[in-house]
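Colleague: Give the three-dimensional model of this entry:
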Amino acid sequence: MFANTMKTGLLMFGLVALFTAIGGLLGNQTGALIGLLIAGGMSFYSYWFSDTATIKAYNGIEVTAASNPRLYGIVQKLAQRANLPMPKVYIVPERQPNAFATGRNPQHSAVACTAGLLEIMDDNELAGVLGHELGHIQHRDILISTIAATFAGAIANIARFLPYASNNNSRDRKNNNIALAILLSTLAPIAASIIQMTISRRREFMADRAGAEFSGNPLYLRNALYKLEDYSRNVTMSRQHQNPAYSHMFIVNPLAGLSKFQDLFRTHPATEDRIRELEKMARQENLL
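Modeller: Predicted structure coming up:
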């Protein structure tokens with residue numbers, strides 16, 4: 001876990017360094033500041049209201065111990081094991097099996113799973129999936145992903161101005177820099193997105209480990225991932241919920257069956273890599 005945290009920190013540093021370098025190419029820092037403020041404002045809103053906005057976007061229906069004792073009871077037991085406040089629990093009316101967590105901190109958090117997930121998972125597998133989501137809450141991954149999104153968005157914003165920017169008023173300097181500026185304005189947002197997605201993948205491995213610990217057995221989540229990988233490619237999200245902006249939040253990519261370029265810009269680790277790490281944990285605990 002420490003190694004993954006260090007790698008996440010280095011990747012975050014890479015985003016900051018990339019942002020700083022691009023800002024420097026603008027000569028004065030006004031354009032960079034504007035880009036950061038725009039991205040920061042949007043990210044702050046999505047972070048502060050994430051526990052309601054995301055649930056609303058997916059038409060989540062809140063459940064209680066009375067309305068769905070199975071789901072509520074599993075989350076309650078996992079939250080106690082993780083020493084976390086009880087999050088709100090929602091069901092998303094989708095056939096595709098999937099789940100996500102949201103909320104700006106453990107005190108304002110929610111977990112949601114689709115109706116399809118409840119249909120295909122036994123209690124142990126469901127515990128593995130929901131433990132993974134509680135891992136995101138414990139690690140405050142919404143905050144980390146919001147910071148990453150802020151810098152990635154700011155880089156994309158200021159990169160648009162690079163072809164028109166110059167370090168001084170010299171026409172010759174402008175002519176010399178224009179090709180480099182155009183190239184960077186194209187490549188910088190791509191580089192920022194790749195760094196952002198790499199951070200997301202690292203956090204998924206950490207949440208997998210947490211899910212294995214909270215549920216009590218790494219094989220619970222491993223078995224669930226086998227099912228999720230199969231179903232997510234054959235059962236698609238309904239059209240109104242096919243939003244790439246939210247895809248990184250789910251335990252498996254909800255758009256996996258829709259994109260031919262998912263491996264290039266995937267926000268999740270390859271499922272086989274996640275399964276391999278969980279099986280390694282199981283062997284260390286003499287469970288496999």
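
Colleague: quick one: the helices in the stretch 151-288 of the chain?
Modeller: Per DSSP state H, counting those that start in this stretch, the stretch 151-288 of the chain carries helices over the ranges 171-215, 218-234, 271-284.

Colleague: For the ones you listed, which has the smallest mean pLDDT value?
Modeller: When those are compared by mean pLDDT, helix 171-215 comes last with a mean of 69.

Colleague: quick one: low-confidence ranges for this protein?
Modeller: Applying pLDDT under 70 to the chain flags the ranges 1-47, 49-51, 143-199, 244-245, 256-267.

Colleague: Go again with 50.
Modeller: The chain contains residues with pLDDT under 50 at 1-4, 28, 166-169.

Colleague: how about the strands in it?
Modeller: Secondary structure of the chain (DSSP state E): strands located at 61-62, 88-92, 99-105, 108-114.

Colleague: Out of these, which is closest to Leu78?
Modeller: Closest approach to Leu78 among the strands of the chain (C-beta to C-beta): strand 108-114, 9.0 Å. For glycine as for every other residue, the C-beta is placed from the backbone atoms N, C-alpha and C.

Colleague: partner strands of the closest one, parallel or antiparallel?
Modeller: Strand pairing for strand 108-114, determined by DSSP bridges: strand 88-92 (parallel), strand 99-105 (antiparallel).

Colleague: how about TSV for those, with mean neighbour count and distance to Pro254 added?
Modeller: As requested, the strands paired with strand 108-114 are exported to TSV (neighbours: other C-beta atoms under 10 Å; distance: least, C-beta to C-beta, whole Å):
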stretch	mean neighbour count	distance to Pro254
strand 88-92	22	10
strand 99-105	23	9
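
Colleague: which one of the ones you listed lies closest to Asn68?
Modeller: Of those, nearest to Asn68 by C-beta to C-beta is strand 88-92, at 7.1 Å.

Colleague: contact partners of that closest one?
Modeller: The contact list for strand 88-92 (C-beta atoms under 8 Å, 6 or more residues apart in numbering) reads 51, 55, 58-64, 68, 71-72, 75, 98, 109-115, 118, 241.

Colleague: Can you go through the residues you listed and name the buried ones?
Modeller: Neighbour counting over the contacts of strand 88-92 (16 or more other C-beta atoms under 10 Å) leaves 51, 55, 58, 60, 63, 68, 71-72, 75, 98, 109-114, 241 as the buried ones.

Colleague: How about the contacts made by Tyr72?
Modeller: 63-65, 89.

Colleague: what does Ala212 give?
Modeller: Counting by C-beta under 8 Å, 6+ apart, Ala212 makes contact with 128, 131, 218, 220-221, 278, 281.

Colleague: Please name the nearest non-neighbouring residue to it.
Modeller: Pro218 (3.7 Å; C-beta to C-beta, 6 or more residues apart in numbering).

Colleague: And the furthest pair within the contacts of Ala212?
Modeller: Pairwise distances across these (C-beta to C-beta) peak at 12.7 Å, for the pair Gly131 and Met281.

Colleague: Between those two, point out the one with more neighbours.
Modeller: Gly131 (30 against 19; other C-beta atoms under 10 Å).

Colleague: Quick check: that one touching Pro218?
Modeller: No: when contacts are counted by C-beta atoms under 8 Å, Gly131 is not listed as touching Pro218 (10.2 Å).

Colleague: Burial check on Asp285, number of neighbours?
Modeller: Wrong residue type there; residue 285 is Glu, not Asp. The number of residues packed near Glu285 is 13, by other C-beta under 10 Å.

Colleague: Could you report the distance from it to Pro87?
Modeller: 27 Å (C-beta to C-beta, to the nearest Å).

Colleague: mind listing what Asn98 touches?
Modeller: Going by C-beta under 8 Å, 6+ apart, Asn98 touches 92, 113-114, 116-117, 228, 232, 237, 250-252, 254.
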